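Peer 1: model this:
(one chain, ligands or ions: 1)
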Amino acid sequence: MIIALPKGRIANEVLKIFEKIFNEKFEFENRKLILKKAGFTFLNVRNWDVATYVEKQAADIGVVGFDVITELNSNVLELLDLGIGKCRVSVGGIKGDDSYKNKTEIVVATKLKNIAKNYFSKKGIPTQVIKLNGSIELAPLVGLCDVIVDIVETGNTLRENGLEEKEVIFHSSARVIANKNSFLTKKEEILDLVEKIRKANGS
Ligand code: PRP
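Peer 2: Residues are numbered from 1 along each chain as shown. Predicted coordinates:
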């Protein structure tokens with residue numbers, strides 16, 4: 001079974017769960033992108049690419065943030081909420097300034113273009129969405145946008161930059177996802193592993 005993990009903290013936490021289940025060390029060696037152990041092949045993938053690897057069946061299962069599968073509208077099965085990597089996807093803006101609410105069109109800067117578009121269009125509010133790739137909090141400070149749509153974890157980045165959370169769009173956490181074909185052909189194996197993960201993780 002091939003498992004795509006998002007590089008960094010979440011991958012380490014998931015590998016710890018495997019250590020607990022199989023009582024062996026699971027660790028990517030220096031800069032290696034593939035780890036083979038106990039009959040599993042783990043892929044060290046960038047967060048935003050996990051859903052793509054799983055959707056295209058380069059991996060059977062994967063772990064990825066709910067925010068990512070929502071933004072990409074990924075055609076995968078969601079099997080388990082791990083309850084780690086918790087964050088919110090929120091509208092943020094300059095502290096104390098709610099003037100965006102009175103605008104006929106709101107300019108929104110974000111990495112999460114589809115989420116932002118859907119959120120405001122459901123509310124019937126016209127928006128111009130500007131796609132950025134990071135440091136989103138900078139945009140309202142220099143007048144690039146009225147508000148941002150971004151991930152909020154501790155809220156520190158907003159606070160440190162004189163911004164505040166205005167509206168919570170949804171809560172996110174890391175999910176175990178599966179490729180739809182793999183789930184048909186390896187159903188027992190996948191469900192058995194997911195159950196072991198659930199027990200070891202207490203989720
Ligand atoms: C994310 C997110 C916020 C920050 C939120 O950015 O886009 O900027 O973390 O975390 P906090 O609420 O705990 O401060 P990331 O660190 O991934 O970098 P980026 O800005 O380059 O996307």
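Peer 1: middle-most residue in the protein, spatially?
Peer 2: When C-alpha atoms, centre = their mean is applied to the chain, the residue found nearest the centroid is residue 65 (2.5 Å).
Peer 1: Pairing partners for that residue in the sheet, please.
Peer 2: Legend: beta-bridge partners of residue 65 under DSSP bridges are residue 174.
Peer 1: which residues touch it?
Peer 2: Applying C-beta atoms under 8 Å, 6 or more residues apart in numbering, one finds that residue 65 lies in contact with 6, 10, 47, 85, 87, 172-175. All C-beta atoms are positioned from the backbone trio N, CA, C, and that covers glycine.
Peer 1: any chance you could map the helices in the chain?
Peer 2: In the chain, the segments counted as helices under DSSP state H are 9-22, 50-55, 66-72, 113-122, 138-141, 156-160, 180-185, 187-201.
Peer 1: which residue packs closest to residue 166, ignoring adjacent ones?
Peer 2: Among residues not flanking residue 166 along the chain, residue 91 sits closest, at 4.7 Å (C-beta to C-beta, 6 or more residues apart in numbering).
Peer 1: Could you double-check that the one you found lies in contact with residue 148?
Peer 2: Yes: counting by C-beta atoms under 8 Å, residue 148 is a contact partner of residue 91 at 7.3 Å.
Peer 1: so does stretch 114-125 get close to the ligand?
Peer 2: No: under the criterion of C-beta under 6 Å from any ligand atom, stretch 114-125 makes no contact with the ligand; the nearest approach is 12.6 Å.
Peer 1: Fine by me, thanks again.
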